[in-house]
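> Mind looking at a prediction? Sequence and model below.
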Amino acid sequence: MSTKTLTLTAIILAFLACQLQAAVINSRWVGGTESEWGNPNNWNPPIVPDNRPGQTFAVTIDSDIIGVDNVIVHIQQNRTIDRLDCNGVVELTSWPSESIWLTLVDKINGLTNYGSLDVGGLNIIGNVKNSLGGSLQLQDRPNIKGDLYNFSGAKLEGGVEVEEGNIHNNGLVILKPYHDMWADNEFHNSGKILIMDGEPGSGGILYNHHNGIIDGFGKFCDGGQIIKNEGMIVASGGSMFFYDSNITNTGILKSEVGSGLYFKVPPIDFNNQDTIEVNANAWFVLDCNLVNEPNAVIKLLGGTLAAETITQKAGATFQGFGGITGNVVIEPNAIIKLTGPTNIVGDVEIREGATLDIKDGTVLVTGLTTCNGGTIQTYRGTIIMQGGTSGGICRRIFVD
């Protein structure tokens, strides 16, 4: 065979290969209210969407287009397609097995929901996106190998394990009892996570960004995760527990009335760099030391604040009344202002140039009160040093 013939043959084969690669079929569900993915009569054109050499599929399932209230599609074996768009009210189920995978080859789009989508136990390889106005319900804790996106104005509910990927929430996530939402890599929240006895968590870092809100009661999944709070974490309706988590707070940590935040963290100091607020009959508990850094704020509004040692730095704000459990250290030039009846179950140390300011109530100290050049100032208030004193007499100022 001549060189010219070989060259021509190579060109033709390359052209045919390109033609085969370019054969993307836009497949649309026409199977009515409920049927099986594997029936070609349920699709237009009548070919079962499942990628094969020279033929790939971009699939649309839309209950509105076919004029039914909802569509239920049963997937009975592993399928591979380019992408899937869902509109209207759609339910995807893995039936009869829960070990079925839907693979989405399109790295950017994957599965995109524009309506109300219910995924019942179906495992997915590829990105999953819940778009503006979308509602995504995850049943039977499916696995997703990719990234999970919940966009602004969208709602995501249920449990899921995101393997080798991240969760990005800009909308609303609802976690009810027995729902845990886990990301192997990172969990980014810039929307709202409403925890109703559910469990969020990540194997890497859980970022609650500056406009993110985490609200409710339940616990954060175990696993030694790192939590970076720049937004707001609020315990409401009960207790919110953080186990074996290393948390950094540059946002707001708040315990609403009758609720509490409990942190079981590694044996290192908890450095508050923004705001801690503890309301009436509420609690904020750490099993380590708490350091209130300069420019940070602690508001004790009738609740209980507990830590091994609470250190008040100069330039920080600590004000209010209620219960304090743990030793209290007021560093030089720092001040704690207690307005109203307060019990301190622990020792108190007031260092050189530091001030304990008491107003409109009685402060009871059950432990040892040590004054190393510090000041106790009272106005319509008093202090009872039940545990005695040490280190010299406190400089006392009585304000009329």
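Thanks, I have it.
> ok, Leu102 - contacts?
By CB atoms under 8 Å, 6 or more residues apart in numbering, Leu102 lies in contact with 75, 78-81, 84, 92, 111, 122-126. Using the backbone N, CA and C atoms, a C-beta is placed for each residue, glycine as well.
> Of those residues, which belong to strands?
Assigned to strands by DSSP state E, the following of the contacts of Leu102 qualify: Ile75, Arg79, Thr80, Ile81, Leu84, Leu92, Leu111, Asn123, Ile124, Ile125.
> with these in mind, which one is nearest to Asn211?
The nearest member of these to Asn211, counting by CB to CB, is Leu111 at 26.4 Å.
> which strands and helices sit next to the one helix or strand Thr60 maps to?
Per DSSP states H and E: Thr60 is located in strand 56-62. Strand 56-62 is packed against strand 24-29, strand 71-75, strand 79-81, strand 83-87, with contacts defined by 3 or more CB pairs under 8 Å, 6 or more residues apart in numbering; DSSP states H and E.
> Give me the helices and strands touching the second one, please.
Using 3+ CB pairs under 8 Å, 6+ apart as the contact test, the elements touching strand 71-75 are strand 34-36, strand 56-62, strand 89-94.
> With mean neighbour count as added columns, please give these in a markdown table.
Shown next, in a markdown table, are these (neighbours: other CB atoms under 10 Å):
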| stretch | mean neighbour count |
| --- | --- |
| strand 34-36 | 15 |
| strand 56-62 | 21 |
| strand 89-94 | 22 |
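> Output those strands in JSON lines, with mean pLDDT and distance to Gly191 appended to each entry.
Putting the helices and strands packed on strand 71-75 into JSON lines (pLDDT from 0 to 100; distance: least, CB to CB, whole Å) gives the following:
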{"stretch": "strand 34-36", "mean pLDDT": "96", "distance to Gly191": "33"}
{"stretch": "strand 56-62", "mean pLDDT": "98", "distance to Gly191": "26"}
{"stretch": "strand 89-94", "mean pLDDT": "97", "distance to Gly191": "23"}
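> how about JSON lines for those strands, with distance to Thr382 added?
Output for these, formatted as JSON lines (distance: least, CB to CB, whole Å):
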{"stretch": "strand 34-36", "distance to Thr382": "75"}
{"stretch": "strand 56-62", "distance to Thr382": "72"}
{"stretch": "strand 89-94", "distance to Thr382": "66"}
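> now for the ones you listed, which one comes closest to Asn166?
Nearest to Asn166 among the helices and strands packed on strand 71-75 is strand 89-94 (22.1 Å), distances taken as CB to CB.
> Sheet partners, orientation included, of the closest one?
Applying DSSP bridges, strand 89-94 is found paired with strand 71-75 (parallel), strand 116-120 (parallel).
> For Gly391, list the residues it contacts.
Shown in contact with Gly391 (CB under 8 Å, 6+ apart): Glu349, Thr370, Cys371, Asn372.
> Excluding residues flanking it in the chain, which one is nearest it?
Once flanking residues are discounted, Gly391 sits nearest to Thr370: 4.2 Å by CB to CB, 6 or more residues apart in numbering.
> Likewise for Gly381?
Of all residues not flanking Gly381 in the chain, Ile358 sits nearest, at 4.1 Å (CB to CB, 6+ apart).
> which element is the one you found on?
Ile358 belongs to strand 355-359, assigned by DSSP H and E.
> Give me the mean pLDDT for that strand.
Strand 355-359 shows a mean pLDDT of 97 in the predicted model.
> That one packs against which elements?
Counting contacts by 3+ CB pairs under 8 Å, 6+ apart, strand 355-359 is packed against strand 335-345, strand 375-379, strand 382-385.
> Centre of the chain to the following helix or strand past that strand, how far?
Once the chain leaves strand 355-359, the next helix or strand it forms, by DSSP H and E, is strand 362-365. The chain centre lies 38 Å from the centre of strand 362-365; the measure is CA atoms, centre = their mean, to the nearest Å.
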